[in-house]
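# quick one, what's the 3D model for this:
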Amino acid sequence: MEHSNHKESSFASWVIIFLLLALILGKGLFSFLVVGDLGQPTWDYRPIKDVPAESPYAVYELVPHPQHVKGAEGE
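I've put the predicted structure just below:
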């Protein structure tokens, strides 16, 4: 059997494991603090009236011939 000069190091393995764990926890903490929910916003846009009976922008003049077909008095 051949012997290699490769030395096993359990200390280096544990250091790598803890560094990866710290990286994962650090990214999670960063995401939680930076992207987390900050609560209700301070601004208020109020509801916009979009029902034709309430909105001045949704009321149109009546056309004499309301059909959308080409032809005599149809446009």
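
# show me where the chain has helices.
10-35 (DSSP state H).

# show the low-confidence segments of it, by residue range.
1-6, 48-75 (pLDDT under 70).

# repeat that with 80
Regions of the chain meeting the criterion pLDDT under 80 cover residues 1-8, 36-75.

# between its first and last residues, how far does stretch 31-39 reach?
Across stretch 31-39, the terminal residues are separated by 16 Å (C-alpha to C-alpha, to the nearest Å).

# ok now do Glu8, which residues does it touch?
Taking C-beta atoms under 8 Å, 6 or more residues apart in numbering, we find Glu8 in contact with no residue. Every residue, glycine included, has its C-beta placed from N, CA and C.

# distance of it from Ile16?
According to C-beta to C-beta, to the nearest Å, Glu8 and Ile16 sit 13 Å apart.

# repeat for Thr42
Thr42 is 45 Å from Ile16, where distance means C-beta to C-beta.

# which one of those two has more residues nearby?
More crowded of Thr42 and Ile16, by other C-beta atoms under 10 Å: Ile16, with 10 against 6.

# number of nearby residues for Val34?
Residues lying near Val34 (other C-beta under 10 Å) number 7.

# quick one on the thing from earlier: any shared contact partners between Glu8 and Ile16?
With C-beta under 8 Å, 6+ apart, Glu8 and Ile16 have no common neighbours.

# count of neighbours near Trp14?
Using other C-beta under 10 Å, Trp14 is surrounded by 10 other residues.

# what sits against it?
Under the criterion of C-beta under 8 Å, 6+ apart, Trp14 has no contact partners.
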